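> could you look at this predicted model? Sequence included:
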Amino acid sequence: MADPILDLDSVLVRFGGLVAVGGVSFSVARGSVTGLVGPNGAGKTTLFNAISGLVPVTGGAITLRTTRGSADLTRVGAWRRAGLGIGRTFQDSRLVAGLPVLDQLATGAFSGRGRFLGAVLRGRGFLADEKRLVDRAHEVLAQLKIEHQAAVNVDLLSAPERRLVDLGRALMSRPELLLLDEISAGMPVEDKEMVADRVLDYVRSAGATVIFVEHDMGFVRRVADRTVVLAEGEILADGGPEEVLRRPDVLAAYIGPGAEGALR
Amino acid sequence: MTTVNVPRRVRAAVRDSALPVEKWLGRLRVPTPSTVTSPAGEKRYVGSLWTTAGVVLVAVVVAVWADVGGAYIQTVVGLFAAYLVSALGYTVVLGQAGQFAFCQNAFMALGAYGYAVSEPRFGPVGGLIVGAVAATVAGTIIGVAIIRTRDLYLALLTLAFSQAALLAIQLWPPTQGDNGILVDLGGDRAYLVAVVFAAVALIVVQRMTRSKIGRAFALVRTDEKAAATMGVNVPLTRMLAFAFSSLLGGLGGVLLGAVLTFITPTNFTLELTLLLLTMIVIGGVGSVWGTAAGVLIMVVVQQFLPSSGSFGSYLNAALLFVILVLRPGGLRSLVNLRSSGGSRG
């Protein structure tokens, strides 16, 4: 593949005797949208955690190449990866309780140094940084079309709205590689479509690359231009969503052999 | 600052569920505090200056009042200021960074005894530095030691540290153990030093809350994994929270010693941490102004207690119990109800 943004080379994650991800290799093209699907326990979230540095990788290499630098991620601490251009949302994201949406987004951008003295003395550089942060937050709010909620306490938002805020928080640092973990889970169909559209909007406007974990195949078909199927920690299928999701072995992995008809 | 329009159904729900005082408070509209410094850039800077000016003004008024009010008022004001410095440190580590620490009394003891032991040789400034450094070094070491320790285990570890530190202080000959030691910081003017430190601490903590560091604390408190993926160095942030709270704890300890003028290890038992805990819980854990209110309430309440006996501890525990059952958010949560939101500002 020419110019991949992310290269997984036999990535192995083992928890004691359990092999969660068993030597997975694939490359992700810059600007692509890849759906990562598979039954529960297939290792999708673990793979995400390996890319974001939340679980130690037992073997293999993860190479990231963004405009902010290239690195073998297995040698880089989790908190440094945001600065390299990785953004991430979680399946069970927790927003800071009691904070308005705008402040919530402000917690998302942490590249660059904090200025303790600047903060205490309210120096010029500090104020300029804060102003840039708030401007960026408004930009993201506009992009996600939730600007009217800027001052609303997140505790009062519905679950889909909170997901959007979580997405916005991840977008604050202008990630070049965005990892979305079941962002549409538990949403009604209209909301799923809305979230899908806004993710695609961001990809098109920022030229970003997205990998997402998803159980809703409608969402996958709508958003992904490539689908990777994981089962028991290994790649079962890889290709366009339509062809991959029609394969009998993929259906069998999801709902058990012999029951493929149920999905048709 | 942003003002939020509370949806009518939420307001109705609050009105129906609220205690009478909350119904009354609910009629007021208050701005939502924020962790962001400048929705409108420079304009917010002015707001921040007003806050600072307000704190300075109140400090000056209190100092003048104490000056003309005589020895008793001076002691009460000094106690308030000393407790406030320590409680602000405690609310940063416990409320803002979400670290279950129970060793603020040990930091205060380290500060007070560091000062008392070194002041005769190095003078008040040297003593202050020694006291602050002693407490901060201990806090930083704990902040490093707890990299893999959280929640209940963290609480146990800090409790053990608190007891060990106090015992060490008691047994170390220069502290004169249970015989006690004199603390001289500005003599009769100790309350003035305490008020100055309290005002500076209020301003620093309030400004820190509304900055990148305050946001890092909020993220670490809420979800360490999410914090890490957003670029927060979680171990460093936790260490900073401990270092900062122990610095304020140490300074507060020096000031408490200076106001009491004579200290023994019994001034710094775990009950002191419990007292600080009650103070910050009354105000709303993590809230800067809530802490000031909580400290004020507890210091005033203490003045009406018999000076001997353990009635104060019972009252303290009972208050803590009642607040945690009825209003876990403290006074600050009333503001939350009113404005439907807000950080720990």
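It's in.
> look up how far chain A lies from B:A59.
The gap separating B:A59 from chain A is 17 Å, by CB to the nearest CB, to the nearest Å. All C-beta spots, glycine's among them, are computed from the backbone N, C-alpha and C.
> so that residue sits against B:V196, correct?
Yes - when contacts are counted by CB atoms under 8 Å, B:A59 is listed as touching B:V196 (7.2 Å).
> ok, these two, which is more surrounded?
Comparing B:A59 with B:V196 by other CB atoms under 10 Å in any protein chain shown, the one with more neighbours is B:A59, at 20 against 15.
> element containing that one, please.
Per DSSP states H and E, B:A59 falls inside helix B:42-69.
> how about the helix or strand that that helix is followed by: buried residues?
Going down the chain from helix B:42-69, the next helix or strand is helix B:71-91, by DSSP H and E. By neighbour count with 16 or more other CB atoms under 10 Å in any protein chain shown, helix B:71-91 contains the buried residues B:74-91.
> okay, B:A199: pLDDT?
Listed pLDDT for B:A199 reads 97.
> what is the neighbour count of it?
By other CB under 10 Å, the residues close to B:A199 number 22.
> report the secondary structure state of it.
At B:A199 the chain is in helix, as set by DSSP: H, G, I helix; E, B strand; the rest coil.
> thought it was touching B:V55?
Yes - using CB under 8 Å, B:A199 is in contact with B:V55, at 5.3 Å.
> so, low pLDDT: which residues of the chain?
You didn't say which chain, so I picked chain A. Counting by pLDDT under 70, chain A contains low-confidence residues at A:1-2, A:111-115, A:255-264.
> hmm, I had chain B in mind actually
In the prediction, chain B carries residues with pLDDT under 70 at positions B:1-47, B:307-309, B:332-345.
> mind listing the helices for it?
B:8-17, B:20-25, B:42-69, B:71-91, B:104-145, B:151-171, B:190-209, B:212-222, B:224-229, B:234-260, B:270-283, B:288-303, B:311-326, B:330-339 (DSSP state H).
> bridged to the residue of the stretch 151-264 of chain A found nearest chain B, which residues?
Per CB to the nearest CB, A:N153 is where the stretch 151-264 of chain A lies closest to chain B, at 2.8 Å. A:N153 has the following beta-bridge partners by DSSP bridges: A:P100.
> now it: how far from B:V259?
A:N153 sits 40 Å away from B:V259, going by CB to CB, to the nearest Å.
> that older thread, the helices of chain B: which one's closest to A:M194?
Counting by CB to CB, A:M194 lies closest to helix B:224-229 out of the helices of chain B; the figure is 22.9 Å.
> what helices or strands is that closest one leaning on?
Helices and strands touching helix B:224-229, by 3 or more CB pairs under 8 Å, 6 or more residues apart in numbering or on different chains; DSSP states H and E, are helix A:78-81, strand A:86-88, helix B:212-222, helix B:234-260.
> give me whichever of the ones you listed is most buried.
strand A:86-88 (a mean of 28; mean count of other CB atoms under 10 Å in any protein chain shown).
> where is the longest helix in chain A?
helix A:124-143.
> and chain B, is the helix or strand just after that one touching that?
For helix A:124-143, the succeeding helix or strand toward the C-terminus, using DSSP H and E, is helix A:159-171. Yes - Helix A:159-171 lies within reach of chain B by CB under 8 Å from any CB of the partner chain, at A:169-170.
> what's the first helix or strand after helix A:159-171?
Downstream of helix A:159-171, the first helix or strand assigned by DSSP H and E is strand A:177-181.
> show me what that next one is packed up against.
Using 3+ CB pairs under 8 Å, 6+ apart: strand A:177-181 touches helix A:44-52, strand A:86-88, helix A:159-171, helix A:189-206, strand A:209-213.
> pick the most buried one from these.
The most buried one of the helices and strands packed on strand A:177-181 (mean count of other CB under 10 Å) is strand A:86-88, showing a mean of 28.
> that one pairs with which strands, parallel or anti?
strand A:177-181 (parallel).
> give me the angle between the partner strand and helix A:189-206.
Put simply, strand A:177-181 runs at 170 degrees to helix A:189-206, going by axes from the mean of the first three to the mean of the last three CA atoms, to 10 degrees.
> distance from strand A:177-181 to the middle of the chain?
1 Å (CA atoms, centre = their mean, to the nearest Å).
> check stretch B:55-70 too.
In terms of CA atoms, centre = their mean, the centre of stretch B:55-70 is set 21 Å apart from its chain centre.
> mind listing what's buried along that stretch?
For stretch B:55-70, by 16+ other CB under 10 Å, it's B:55, B:59, B:62-63, B:66.
> hey, C-alpha coordinates of that stretch in PDB?
Output in PDB follows, covering the C-alpha atoms of stretch B:55-70 (Å, rounded to 0.1, in the frame of the first residue of the first chain):
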ATOM      1  CA  VAL B  55     -10.100  38.400  47.400                       C
ATOM      2  CA  VAL B  56      -7.500  41.100  48.200                       C
ATOM      3  CA  LEU B  57     -10.200  43.500  49.400                       C
ATOM      4  CA  VAL B  58     -11.800  40.900  51.700                       C
ATOM      5  CA  ALA B  59      -8.300  39.900  53.000                       C
ATOM      6  CA  VAL B  60      -7.500  43.600  53.800                       C
ATOM      7  CA  VAL B  61     -10.900  44.100  55.500                       C
ATOM      8  CA  VAL B  62     -10.500  41.000  57.600                       C
ATOM      9  CA  ALA B  63      -7.000  41.900  58.600                       C
ATOM     10  CA  VAL B  64      -8.000  45.400  59.700                       C
ATOM     11  CA  TRP B  65     -11.000  44.000  61.500                       C
ATOM     12  CA  ALA B  66      -8.700  41.500  63.300                       C
ATOM     13  CA  ASP B  67      -6.200  44.300  64.100                       C
ATOM     14  CA  VAL B  68      -8.700  46.400  65.900                       C
ATOM     15  CA  GLY B  69     -10.700  43.400  67.200                       C
ATOM     16  CA  GLY B  70      -8.200  42.200  69.800                       C
END
